[in-house]
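J.: how does the following fold in three dimensions:
(chains A and B)
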Number of protein chains: 2
Amino acid sequence: MTPSNESPIGIFDSGIGGLTVVKSVMKSLPDENIIYFGDTARVPYGIKSTDTIRQYALQITDFLLKRNVKIILIACNSVAAAARTDIIKRSKKIAVLDVIDAGTKAAVSQSSNHGNIGVIGTLATIGSGSYEQALRELDNRIQVYSRACPMLVPLAEEGWTDNHIAIEILKLYLADFQNKNLDSMILGCTHYPLFKESIARVLGEELTIIDSADAIAAMARDHLQKQDKLNSRSGGSFDCYVSDKPQRFKMLAERFLGQKISRVEIVNLKG
Amino acid sequence: MTPSNESPIGIFDSGIGGLTVVKSVMKSLPDENIIYFGDTARVPYGIKSTDTIRQYALQITDFLLKRNVKIILIACNSVAAAARTDIIKRSKKIAVLDVIDAGTKAAVSQSSNHGNIGVIGTLATIGSGSYEQALRELDNRIQVYSRACPMLVPLAEEGWTDNHIAIEILKLYLADFQNKNLDSMILGCTHYPLFKESIARVLGEELTIIDSADAIAAMARDHLQKQDKLNSRSGGSFDCYVSDKPQRFKMLAERFLGQKISRVEIVNLKG
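T.: Numbering: from 1, shown residues only, chains lettered A, B, ... in the order given. Have a look, this model is predicted:
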């Protein structure tokens, strides 16, 4: 079945972090129907092999394609780095956007001064070098400064995004960026938009912070507009699927999404 | 084959945290041969279902039994809570000790004053109530105060166990314990022995801190002595197996073990 304009936007992540992308899409495209899948039973992907990540990502892709989504947003940096091409191949008829592509393009388009771009992410994302590679492919004169910030995910999940501990940790992680004349700083992890204000406090308000969630939402809006695939009916729906419902799921999900989730369905992809 | 006195002690955990138990056993029983298995490909266990944890734990038990271990130490709180009985059934001929049993018995034997015992652990361990239940079974007059400290595992893996950030986080987590007249505080996670000194700084040196790693090592020594199963040859060996070698493995493993690891073998249990 070919997706129609009323078909949903499919968004997925290894866990619940991708709900920050859902939040940005809801803000940017309030009339669109959205299906989210968070692979909470198998999170974190970052420590898994590329083959395993690919296998999991294609299972989720199939799940979304069966629900007739009109576009897929990869809201997971590990999946974007490991399985982007495979997901595009599998999703022949529809477009596939990902947070790395969206974040790097937004950063380059907004970096006219010195060509210095900072990237922060998880150990896996920074270790993979995928942001650096994507930025260099866009413009090989760009100087990339990157740093893994492994404490930020647990900090976000603890709800400590702007207390004195968050600020002290950010000061430690961001110290090396201070004298780099950065044009922009990419938040290369779906948890990090929760720290946007605290990062601005530490690095200074004049620095452009690239929120990959906002960037991919803007990219999706542009794409659907150009293809004339926006939903013309008003009031979008939101369907949330997870592979396991971890402790504190409700609290965490609402923190990431910025609103209450009325219903969450548990799906076993292996079955 | 029946294990001999020279057969190794088998120790396992969902990840590398159990190396703190290996460290305590090496100190307490320097002549024993040790086999360690860390299920680094499938860590963390805490967010998985009881059935899954049981399945994984029995795979590891079989791996250790094939290597003819003379005793098994469960160095993982999630496994101890979910699969202890199954592992004991599977390991008919040899003894199985676990960190929850060892930690609670050590705490009760050292808590003669007020009968107030504190427990800190991961969300999964504290949420399961297994320490509370084990303590009450030992002495139902005991008052248990528990608190999940989800930031401590990532803090330990970042190597921040005694800097100002660790102290500030411990102050937040441990504030509620301050006026509880605690006899002892159980470190209910294999990562937490790394914070022993910082916790003492925050809660005061007079509080008895029960390190489950030391407790299970002492229990293993007592058991082997009583059964006349100590290794009489001097100089123990150490074999380290993991299911995946994550980034920073070497650095983390040495931090947890307190010494260099000469060789690590990767084993795929599913294959």
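
J.: which bits of the stretch 151-271 of chain A sit near chain B?
T.: With Cβ under 8 Å from any Cβ of the partner chain as the criterion, the stretch 151-271 of chain A meets chain B at residues A:151, A:153-155, A:157-158, A:160, A:164-165, A:168-169, A:172, A:244, A:246-248. To be clear about C-beta, it is placed using only N, CA and C from the backbone, and glycine gets the same treatment.

J.: repeat the analysis, applying 7 Å as the threshold.
T.: Residues of the stretch 151-271 of chain A that fall close to chain B, judged by Cβ under 7 Å from any Cβ of the partner chain: A:151, A:154, A:157, A:158, A:164, A:165, A:168, A:169, A:246, A:247.

J.: can I get the residues you listed in a markdown table including secondary structure?
T.: As requested, these are exported to a markdown table (DSSP: H, G, I helix; E, B strand; the rest coil):
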| residue | secondary structure |
| --- | --- |
| A:151 | coil |
| A:154 | helix |
| A:157 | helix |
| A:158 | helix |
| A:164 | helix |
| A:165 | helix |
| A:168 | helix |
| A:169 | helix |
| A:246 | coil |
| A:247 | coil |
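
J.: quick one: which of the residues you listed is nearest residue A:33?
T.: Proximity of these to residue A:33 (Cβ to Cβ) peaks at residue A:246, which lies at 25.7 Å.

J.: now do the closest one, the pLDDT please.
T.: For residue A:246, the model assigns a pLDDT of 68.

J.: same deal with the one 5 residues further on?
T.: Among the per-residue scores, residue A:251 holds a pLDDT of 84.

J.: okay, and it sits in which element?
T.: Assigned by DSSP states H and E, residue A:251 belongs to helix A:249-257.

J.: by contact count, what packs against that helix?
T.: On a contact count with 3 or more Cβ pairs under 7 Å, 6 or more residues apart in numbering or on different chains; DSSP states H and E, helix A:249-257 meets helix A:19-28.

J.: mind redoing it with 10 Å?
T.: helix A:19-28, strand A:34-38, helix A:152-158, strand A:238-242, strand A:264-266 (3 or more Cβ pairs under 10 Å, 6 or more residues apart in numbering or on different chains; DSSP states H and E).

J.: between these, which gets nearest to residue A:4?
T.: Each of the helices and strands packed on helix A:249-257 has some distance to residue A:4 by Cβ to Cβ; the shortest is strand A:34-38, at 14.5 Å.

J.: toward the C-terminus from the closest one, list the very next helix or strand.
T.: helix A:50-66.

J.: for the record, mean pLDDT for that next one?
T.: 94.

J.: before we move on, what about stretch A:164-177?
T.: pLDDT averaged over stretch A:164-177 gives 97.

J.: so which bits of it are buried?
T.: A:165, A:166, A:167, A:168, A:169, A:170, A:172, A:173, A:174, A:177 (16 or more other Cβ atoms under 10 Å in any protein chain shown).

J.: how about a markdown table for these, with distance to residue B:138 added?
T.: Output for these, formatted as a markdown table (distance: Cβ to Cβ, whole Å):
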| residue | distance to residue B:138 |
| --- | --- |
| A:165 | 36 |
| A:166 | 39 |
| A:167 | 43 |
| A:168 | 40 |
| A:169 | 39 |
| A:170 | 44 |
| A:172 | 42 |
| A:173 | 43 |
| A:174 | 48 |
| A:177 | 52 |
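
J.: for chain B, what's the nearest residue on chain A?
T.: residue A:154 (4.3 Å; Cβ to the nearest Cβ).

J.: quick check: that residue touching residue B:160?
T.: No - applying Cβ atoms under 10 Å, one finds residue A:154 not in contact with residue B:160, separated by 11.9 Å.

J.: of these two, who's got more company?
T.: residue B:160 (22 against 18; other Cβ atoms under 10 Å in any protein chain shown).

J.: looks like the more buried one contacts residue B:154 (just checking).
T.: Yes - proximity of residue B:160 to residue B:154 meets the contact threshold set by Cβ under 10 Å, at 8.9 Å.

J.: touching both of these two, which residues are there?
T.: Common contact partners of residue B:160 and residue B:154 (Cβ atoms under 10 Å, 6 or more residues apart in numbering or on different chains): residue A:151.

J.: contacting residues for the closest residue to residue A:15 other than its chain neighbours?
T.: Spatial nearest neighbour of residue A:15, chain neighbours left out: residue A:43 (3.7 Å); criterion: Cβ to Cβ, 6 or more residues apart in numbering or on different chains. Listed by Cβ under 10 Å, 6+ apart, the contact set of residue A:43 reads A:13-17, A:76, A:78, A:242-244, A:246, B:44, B:47.

J.: repeat for residue A:4
T.: A:68, A:70, A:229, A:231.

J.: you'd agree it is in a strand?
T.: No - using three-state DSSP, the assignment for residue A:4 is coil, not a strand.

J.: per-residue pLDDT, it?
T.: 95.

J.: residue A:134 now?
T.: The model's pLDDT for residue A:134 equals 96.

J.: and residue A:96, bridged to which residues?
T.: Counting by DSSP bridges, residue A:96 is bridged to residue A:72.

J.: looking at it, it is touching residue A:70, isn't it?
T.: No - using Cβ under 10 Å, residue A:96 is not in contact with residue A:70; the gap is 11.4 Å.

J.: follow-up on the earlier one: could I get the residues of the stretch 151-271 of chain A next to chain B as JSON lines with distance to residue A:107?
T.: Listed next are these as JSON lines, based on distance: Cβ to Cβ, whole Å:
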{"residue": "A:151", "distance to residue A:107": "23"}
{"residue": "A:154", "distance to residue A:107": "26"}
{"residue": "A:157", "distance to residue A:107": "26"}
{"residue": "A:158", "distance to residue A:107": "28"}
{"residue": "A:164", "distance to residue A:107": "29"}
{"residue": "A:165", "distance to residue A:107": "28"}
{"residue": "A:168", "distance to residue A:107": "27"}
{"residue": "A:169", "distance to residue A:107": "23"}
{"residue": "A:246", "distance to residue A:107": "32"}
{"residue": "A:247", "distance to residue A:107": "35"}
